[in-house]
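*Asks:* sequence and predicted model, in that order:
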Amino acid sequence: MTRAELTVLVDNRAGFGCVEEHGYALWIDAGGRRILLDTGQGPALAENARTLGVDLGQTDILALSHGHYDHTGAVPLVLSSAPQARLYCHSGVTEPRYSIREGAARDIRMPMASMRALNALAVDRLRWSVEPVPLGGGIGLSGFIPRRTDFEDTGGPFYFDPLGHRPDPINDDQSLWIATDKGLVVCTGCCHAGLINTLMHLREVTGEERIRAVIGGLHLGTASAERLESTARALRDMRVGLLVPCHCTGEAAAAWLADHLDCEVHTGYSGFRLDTADL
């Protein structure tokens, strides 16, 4: 089974001399391969990587969880720093995206510089896919996550257009999984597909029922009491061992989960490290 060392490089919270940023990036060092899941908005990634002793130039794989600006802003930096890196993403990551609150539309799509960097990649460095993708060594990407639960949604007022006529189901949302001898370690970006949908899908994809840990954004900031209760019930049924909510989870939701789950819950931050050997 795979041993991996995980380091949160970008998050809304920061520790260990890092800077905070509304965004997310997770560094995974596993068996001599180095994977970066998301890049944050841009400015924080390089600074925090230096602080934490992470060499972005050693990136073997850059995986994008979805196409929002706060996860894709530093794509050009990573691809230029690591000319050997391959990029994996869902084919929908470059769609127009808007968040509409109180009648005001905000453009939240992937920045144009990042789109240009994707378009400039050689064919053998870019993998578009909607299907689950094995990355080798007991690690893989979920691909499209079916929406099965009746209590989960995308977590916000997301649309393809600024007038709010075309709801965005964020079908490009995907997560990364790592197989360990104690079960799966699931790494999410924002989990717009829903945490329970994600975990159910990955259990099917991998054939592994045990979920040892979940780390990443869960987008529960606007979740209703009913959604939180249903989520907690499902997590208890699945016997999840550790939850590390980051980025978009929401402080109140993270605190609620810590109070209502019987597993460990540790709020993540830039500089947070997790060694799967210690689980």
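*Replies:* Cool, the structure landed.
*Asks:* all helices of the stretch 51-200 of the chain, in order?
*Replies:* 69-72, 75-81, 112-119, 195-206 (DSSP state H, counting those that start in this stretch).
*Asks:* return the longest one as PDB; C-alpha atoms alone will do.
*Replies:* Coordinates of each C-alpha in helix 195-206 appear next as PDB, following Å, rounded to 0.1, in the frame of the first residue of the first chain:
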ATOM      1  CA  LEU A 195     -18.900  14.700   0.600                       C
ATOM      2  CA  ILE A 196     -21.100  11.600   0.900                       C
ATOM      3  CA  ASN A 197     -21.600  11.300  -2.800                       C
ATOM      4  CA  THR A 198     -17.900  11.500  -3.200                       C
ATOM      5  CA  LEU A 199     -17.200   8.800  -0.600                       C
ATOM      6  CA  MET A 200     -19.800   6.500  -2.000                       C
ATOM      7  CA  HIS A 201     -18.400   6.900  -5.500                       C
ATOM      8  CA  LEU A 202     -14.800   6.200  -4.400                       C
ATOM      9  CA  ARG A 203     -15.800   3.100  -2.500                       C
ATOM     10  CA  GLU A 204     -17.300   1.800  -5.700                       C
ATOM     11  CA  VAL A 205     -14.300   2.900  -7.900                       C
ATOM     12  CA  THR A 206     -11.700   1.400  -5.700                       C
END
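*Asks:* list the strands paired with the next helix or strand after that helix, with their directions.
*Replies:* Per DSSP states H and E, the first helix or strand lying C-terminal to helix 195-206 is strand 211-217. As defined by DSSP bridges, the strand partners of strand 211-217 come to strand 183-187 (parallel), strand 242-246 (parallel).
*Asks:* how far away is the closest residue to residue 84 other than its chain neighbours from residue 41?
*Replies:* Spatial nearest neighbour of residue 84, chain neighbours left out: residue 60 (7.0 Å); criterion: CB to CB, 6 or more residues apart in numbering. Where C-beta positions appear, they are placed from N, C-alpha and C, glycine not excepted. Counting by CB to CB, to the nearest Å, the separation of residue 60 from residue 41 is 23 Å.
*Asks:* can you tell me which of the strands paired with strand 211-217 comes nearest to residue 269?
*Replies:* strand 242-246 (7.5 Å; CB to CB).
*Asks:* next secondary structure element downstream of the closest one?
*Replies:* Next along from strand 242-246, by DSSP H and E: helix 251-260.
*Asks:* which helices and strands sit right next to that next one?
*Replies:* On a contact count with 3 or more CB pairs under 8 Å, 6 or more residues apart in numbering; DSSP states H and E, helix 251-260 meets helix 225-238, strand 242-246, strand 264-265.
*Asks:* quick one: it to strand 242-246, angle?
*Replies:* 170 degrees (axes from the mean of the first three to the mean of the last three CA atoms, to 10 degrees).
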